[in-house]
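Colleague: Output the structure for:
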Amino acid sequence: MNGRRYSSFAPKPKPFRLFALPDLPLIRILKDMDIIDLALCSYKSRRAIKSLRIKVDTFKVNDSSRNRGFELSIPPNIYIKWSFDDVLEHKQDCGQFTAKYTLNDIDFPTRIRRNEDNENEITKCTLYNSTKPEETPLQEVFELAPRRAKGKSYYVRKFVPTPQAFPGFRLPPTWSQNVSGDYETAMDIFIPLVKYLFNMEPNGYCMEFKWEKDFDAFFYPTVVRGKLKIFELAAAQYSFSDVYFMRSALQFVPENTKLILAGPFAGYWKWEQPLKQKYMEFQCGVPWLTLEHLLNSNFKQLTVQSQHHKISAEDIGIFIQNWTNRSDKELECLDINVFNVQDIHRKVYGMLSLMNYNKKRKLEDYKRIKSTSIIQENAAYNSSLMREIKRKDGLEATIFISNVYAYQRRRVVFHVWHLK
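Modeller: Down below sits the predicted model:
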């Protein structure tokens, strides 16, 4: 007989015992893997991951109408975002939900995406069925018996769940009758799992509220007296307490907790006090925000995405000029959008003493924040859009003014370089 012969007595290859490795090399390997995916394989894998005591930077729970799920950030570069959406919101892309997890006898059809530039940045979306009845109706079916014994029936009678019809679109290939009926059930299963794996409580929340009593019951014990890294306040529909929520957040959120306000929040009102928090992001209109807030606040990072503010291109130039005359080293980034500004470069640059962008700078030597990626993305192709400014104490900063976006929007980023 030609060809290679295989003996039935040949020794079988031994499986690789991943969790038998010492802790340090095991942790290094796991940090290049989807840790949550691995934990869902078995109870043994969950216990092994828990025993390693892997440090987590951010564990954020999202519970708003725009975002339901959780986010996990593990140094140096693992980022997992897991969201829970209604199947009715994914009529066009149901075929992409090809993965399925089963926990507590509940199935979770899931879509998994990885960032092309960073494979350790994973985004997952799991579906639930909001139209699922509380009690699954059963239907009677008859199947031919595989073997009919003498005197027995030639068919088998069964009761199976009635398949649900979703007119207009196909269900995912991983769909089953055992899916969750709401996102709260999914949250109640996955959030405790993450808590167990990393032995920690969430240090970030994204919440929205309709009533003041619900806000107060959560805000003061969890945010004000807690030790959160991030608190995102989202605007709820049909809420008449937006101003109360925003004022409370600006006044009482601790200064080292990153505050994110995501709108739209109703009402025009004034906030004349300096900004208290070191890290702030406005994803909503802030018609009260002026140059005085920039000059009188000691923020490290400030992002303003909306066009509804009172900061002009000239104000940004004044702020940068003021920074050159100061000695504090707190500021890391100002990222702001301005709209319908003619001759923006002249208005921002003004009388500033500027240089061309330093292409020889080694970015790995400097502290990396969100705006670092913006500078890095434009360094190779759009370095002409950036200018450098140097302070007397040697601190350097980069000014980036984007090309025109939709609705005559321009993005202005003032990034200060801090060594690690």
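Colleague: Would you confirm that residue 28 belongs to a strand?
Modeller: No. Per DSSP: H, G, I helix; E, B strand; the rest coil, residue 28 lies outside any strand segment and is helix.
Colleague: Share the number of residues neighbouring it, please.
Modeller: Other residues within reach of residue 28 by the criterion other CB atoms under 10 Å amount to 10. To be clear about C-beta, it is placed using only N, CA and C from the backbone, and glycine gets the same treatment.
Colleague: quick one: it from residue 54, how far?
Modeller: 11 Å (CB to CB, to the nearest Å).
Colleague: Show me where the stretch 301-420 of the chain has its strands.
Modeller: Assigned by DSSP state E, counting those that start in this stretch, the strands in the stretch 301-420 of the chain fall at 301-304, 333-339, 355-356, 386-390, 396-401, 409-416.
Colleague: Against which helices or strands is the fourth one packed?
Modeller: In other words, strand 386-390. On a contact count with 3 or more CB pairs under 8 Å, 6 or more residues apart in numbering; DSSP states H and E, strand 386-390 meets strand 355-356, helix 370-379, strand 396-401.
Colleague: cool, and the shortest one?
Modeller: Using 3+ CB pairs under 8 Å, 6+ apart as the contact criterion, the neighbours of strand 355-356 among helices and strands are strand 386-390.
Colleague: Check what pLDDT the closest residue to residue 333 other than its chain neighbours gets.
Modeller: By the measure of CB to CB, 6 or more residues apart in numbering, the closest residue to residue 333 outside its immediate chain neighbours is residue 371, 4.3 Å from it. At residue 371 the predicted local confidence, pLDDT, stands at 78.
Colleague: now do residue 136
Modeller: At residue 136 the predicted local distance difference test score is 59.
Colleague: do residue 211 as well
Modeller: Looking at residue 211, its pLDDT reads 84.
Colleague: Tally up the residues packed near it, please.
Modeller: Counted with other CB under 10 Å, the burial measure for residue 211 works out to 12 neighbours.
Colleague: what does residue 387 give?
Modeller: 19.
Colleague: That one contacts residue 354, doesn't it?
Modeller: Yes. Proximity of residue 387 to residue 354 meets the contact threshold set by CB atoms under 8 Å, at 4.3 Å.
Colleague: so what's in contact with the two at the same time?
Modeller: Overlap of the contact sets of residue 387 and residue 354 (by CB atoms under 8 Å, 6 or more residues apart in numbering) consists of residue 399.
Colleague: okay, stretch 310-320 in CSV with CA atoms only?
Modeller: What follows is the C-alpha trace of stretch 310-320 in CSV, where atoms were taken according to Å, rounded to 0.1, in the frame of the first residue of the first chain:
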residue,chain,number,x,y,z
LYS,A,310,-20.1,80.9,23.0
ILE,A,311,-16.4,80.2,22.3
SER,A,312,-15.1,81.8,19.0
ALA,A,313,-12.0,81.1,17.0
GLU,A,314,-10.5,84.3,18.5
ASP,A,315,-11.2,83.0,22.0
ILE,A,316,-9.3,79.8,21.3
GLY,A,317,-6.3,81.9,20.2
ILE,A,318,-6.6,84.0,23.4
PHE,A,319,-6.7,80.8,25.5
ILE,A,320,-3.5,79.4,23.8
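Colleague: Any chance you could list what contacts that stretch?
Modeller: 287-291, 294-295, 304, 334, 336, 338, 341, 344, 347-350, 352, 389, 397, 399, 412, 414.
Colleague: For that stretch, what is the distance to the chain centroid?
Modeller: Between the mean C-alpha location of stretch 310-320 and the chain-wide mean there is a distance of 30 Å, by CA atoms, centre = their mean, to the nearest Å.
Colleague: again with stretch 324-341
Modeller: On the basis of CA atoms, centre = their mean, the separation between the geometric centre of stretch 324-341 and that of its chain is 25 Å.
Colleague: just stretch 323-335 next, same as before
Modeller: Stretch 323-335 has its average C-alpha position 27 Å from the chain's average C-alpha position, going by CA atoms, centre = their mean.
Colleague: then it to CSV, C-alphas only?
Modeller: Presented in CSV, the C-alpha positions along stretch 323-335 are these (Å, rounded to 0.1, in the frame of the first residue of the first chain):
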residue,chain,number,x,y,z
TRP,A,323,-1.3,79.2,28.3
THR,A,324,2.1,80.3,27.0
ASN,A,325,2.2,82.9,29.8
ARG,A,326,1.3,80.5,32.6
SER,A,327,3.6,78.1,34.5
ASP,A,328,1.2,75.3,35.5
LYS,A,329,1.5,71.9,33.7
GLU,A,330,-2.0,70.6,34.2
LEU,A,331,-3.5,71.1,30.7
GLU,A,332,-3.3,68.1,28.4
CYS,A,333,-5.9,68.8,25.7
LEU,A,334,-8.6,71.2,24.4
ASP,A,335,-10.7,69.6,21.7
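Colleague: which of the residues in stretch 319-327 are buried?
Modeller: By neighbour count on 16 or more other CB atoms under 10 Å, the buried set for stretch 319-327 is 319, 320, 323.
Colleague: Equivalent analysis for stretch 211-221, please.
Modeller: Buried, per 16+ other CB under 10 Å, within stretch 211-221: 215, 219.
Colleague: Could you measure from residue 88 over to residue 173?
Modeller: Per CB to CB, residue 88 is found 18 Å from residue 173.
Colleague: and what of residue 335?
Modeller: Taking CB to CB as the criterion, residue 335 is separated from residue 173 by 41 Å.
Colleague: Comparing the two, which residue is more hemmed in?
Modeller: Using other CB under 10 Å, the more surrounded residue of residue 335 and residue 173 is residue 335, with 20 against 12.
Colleague: got a list of what the residue nearest to residue 420 when sequence neighbours are not counted touches?
Modeller: Among residues not flanking residue 420 along the chain, residue 367 sits closest, at 5.6 Å (CB to CB, 6+ apart). Going by CB under 8 Å, 6+ apart, residue 367 touches 332, 418, 419, 420.
Colleague: Filter these down to the buried ones, ChimeraX style.
Modeller: Paste this into ChimeraX to select the buried members of these, with burial taken from 16+ other CB under 10 Å:
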select :332,418
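Colleague: min pLDDT across the contacts of residue 367, which one?
Modeller: Lowest pLDDT within these is found at residue 420 (86).
Colleague: Thank you kindly, that will do.
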